[in-house]
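**Student:** generate coordinates for the sequence data below:
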Amino acid sequence: MLWIITKKQILINALSYRFVVGFVLCQVLFVLATLILVKDYEERLKAYGEAVSRQEQQIEQAKVYSDLVREPLNLYKPPAKLSPICTGFEKTLANQASLTYYQIPELEVGRHEKNALLAGLRSIDLVTVIQLVLGLLVLLFAHDTVSGERERGTLALSLSGPLPRHTFLLGQYFGGMITIAAVFLVGILLALFMMVRSPSISLSSTDWIRLGHIVLISLIYLSALYLLGITASIVSKRSTTALVVLLFFWIVFIVIFPNLTSALAARLKPVPARGVVTERVSLLRREFWAKVSAETYRDLPRPEHKWEYIKGRDVYSGSWAYPIRIYYAPREIMEWELEGLKRFLPIEIEYADKIHGVHLDYERQLNAQARVARILSRFSPAWSYYNIASSLAGTDEESQMAFLDRARRYRNQLMDYVSSKDGLSSYRFFSRREPRSFKSTAELDLLKGQGDRLEQEIGAGWDSVPPLDLRDRPPFEHSAFQVRDSLLNSLPDLVLLVFLNLAFFLTAHVCFLKTDVRVGG
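**Tutor:** Numbers count the residues shown, from 1 in each chain. This is a model prediction of the structure:
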């Protein structure tokens, strides 16, 4: 009997006008969205490759260690292969991190977002199509599963025999879900076919496992909506009433409410304006440079020298003993610069930690606000589903923040590497000359009258210096979460979706046992 009821419901759905329109609309949206998203992924992957290549070229041109740790070193996160399925925070949070010895990678808030951790709630991708369009189609299929049968008089006829009510209810559920699953699976197969045809997308076995989980979670989400629709159809005496109630739910809890959570979270958990953080950081930077200036004039007066003996000198100020790089200078200038380096570079690193503390405090406040938004968004099953899908796709907030954390740890690795080369507290930070080759101003004065001896001593400049051999520097490696970790990160949302399925089914079953199956009952 169960299969008979199921088959009947499949035929009713498949032969209906709404099925034809819904099927065609969904497939068109899946195809168009995939075309756009795959093209966008290819462009982002190309930009990523070009950016990594430019950064490698910059590193290969480093001639002193200050070039490696003072010039911004950009680390890049490759686009997630499954981002065409679920974009998440992929385009909202920065996919690059800049670091120097005086700058720790920080959370980028984006140009148009006060809190970029909230913006992932408004991404457009294939999962959004499932959320909105397929979710609406599910409710349209479900609204008259019981009330429609009652209005036509077939419900009383079906239950007049020995058919148990729970069997009828299960048949209606399985018939509707098979119909919906057919629409969904055809669409997702079309999308995957278009993705794998792209030369830029090569899916591994792990990616296929993630895709399988996303498909399963999608069916669980659609099942929750279908069971909600059945419940409304049972409770409502007329199918039009059920349709109005379900459309109200779809508009409020699927479309409107999730997009209001950012505003609600901002009111419930306000954070200071970004300008407050910027001002605090500026104060710390000004404090550091004031200290450099004051201590240089007080403790490190510049020795007497002749500018004609200095070549390729790059400094913050000619009066400060804090070098960036110097090709050649008299011994007294080089010693003066080194003394300033040993004094001020550790202080600037300390100030970098202080500045990072300011940013980190602000980041915690942004995270707290984002947590409130995520809790509020769980009132909508659509966004519980989206959170799980983005976690499995590797585009969720945790994946982006893990990249940032890895970049911060890499800065420590790089600093340790340069320190192991004696590149932070010696002449090697700013010069390639050996200390024993330095000559004083007096010695250079003697060479001045000996033909081209002075010119030979000073040298041709930085263009004649080969780059550093940095082949043994630590590589930057970023890996995605394991599938198990992705599921654990989204466990509250997964539990909520499963609970909604059970709650809606039990509610529908209890209400159906008590409902009057007669026409107009």
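
**Student:** Thr87 contacts Asp125, correct?
**Tutor:** Yes: counting by CB atoms under 8 Å, Thr87 does reach Asp125; the two are 4.3 Å apart. Yep, even glycine has a C-beta here, placed from its N, CA and C like the rest.

**Student:** find residues that contact each of those two.
**Tutor:** Applying CB atoms under 8 Å, 6 or more residues apart in numbering, one finds that Thr87 and Asp125 are jointly contacted by Leu37.

**Student:** in contact with Val69, which residues?
**Tutor:** 100-101, 414-415, 418, 423-424.

**Student:** of those residues, closest to Ile10?
**Tutor:** Nearest to Ile10 among these, counting by CB to CB, is Leu414 at 61.0 Å.

**Student:** for that closest one, give its distance to Ala62.
**Tutor:** Separation of Leu414 from Ala62 (CB to CB, to the nearest Å) stands at 12 Å.

**Student:** and stretch 425-442, average pLDDT?
**Tutor:** Stretch 425-442 shows a mean pLDDT of 90 in the predicted model.

**Student:** could you export that stretch as PDB, CA atoms only?
**Tutor:** C-alpha atoms of stretch 425-442 as PDB (Å, rounded to 0.1, in the frame of the first residue of the first chain):
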ATOM      1  CA  SER A 425      70.600  42.200  14.400                       C
ATOM      2  CA  SER A 426      73.700  42.500  12.100                       C
ATOM      3  CA  TYR A 427      74.900  44.200   9.000                       C
ATOM      4  CA  ARG A 428      73.200  41.500   7.000                       C
ATOM      5  CA  PHE A 429      69.900  43.200   7.600                       C
ATOM      6  CA  PHE A 430      70.700  46.200   5.500                       C
ATOM      7  CA  SER A 431      74.000  45.500   3.700                       C
ATOM      8  CA  ARG A 432      75.900  42.800   1.800                       C
ATOM      9  CA  ARG A 433      79.400  44.100   2.700                       C
ATOM     10  CA  GLU A 434      81.500  42.200   5.100                       C
ATOM     11  CA  PRO A 435      82.300  44.400   8.200                       C
ATOM     12  CA  ARG A 436      86.100  43.900   7.800                       C
ATOM     13  CA  SER A 437      85.900  45.600   4.400                       C
ATOM     14  CA  PHE A 438      84.500  48.900   5.900                       C
ATOM     15  CA  LYS A 439      86.800  51.800   5.600                       C
ATOM     16  CA  SER A 440      86.700  55.000   7.600                       C
ATOM     17  CA  THR A 441      86.200  58.500   6.200                       C
ATOM     18  CA  ALA A 442      89.900  59.200   6.700                       C
END
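
**Student:** may I see the buried residues of it?
**Tutor:** Residues of stretch 425-442 classed as buried by neighbour count (16 or more other CB atoms under 10 Å): 427-433, 438-441.

**Student:** check stretch 299-311 too.
**Tutor:** The neighbour-count check on stretch 299-311 (16+ other CB under 10 Å) flags 300, 302, 305, 309-310 as buried.

**Student:** measure that stretch end to end?
**Tutor:** Stretch 299-311 has an end-to-end distance of 25 Å (CA to CA, to the nearest Å).

**Student:** got a list of contacts for it?
**Tutor:** The contact list for stretch 299-311 (CB under 8 Å, 6+ apart) reads 318-319, 321, 326-330, 332-333, 336, 339-340, 343, 441, 444, 458-459, 461.
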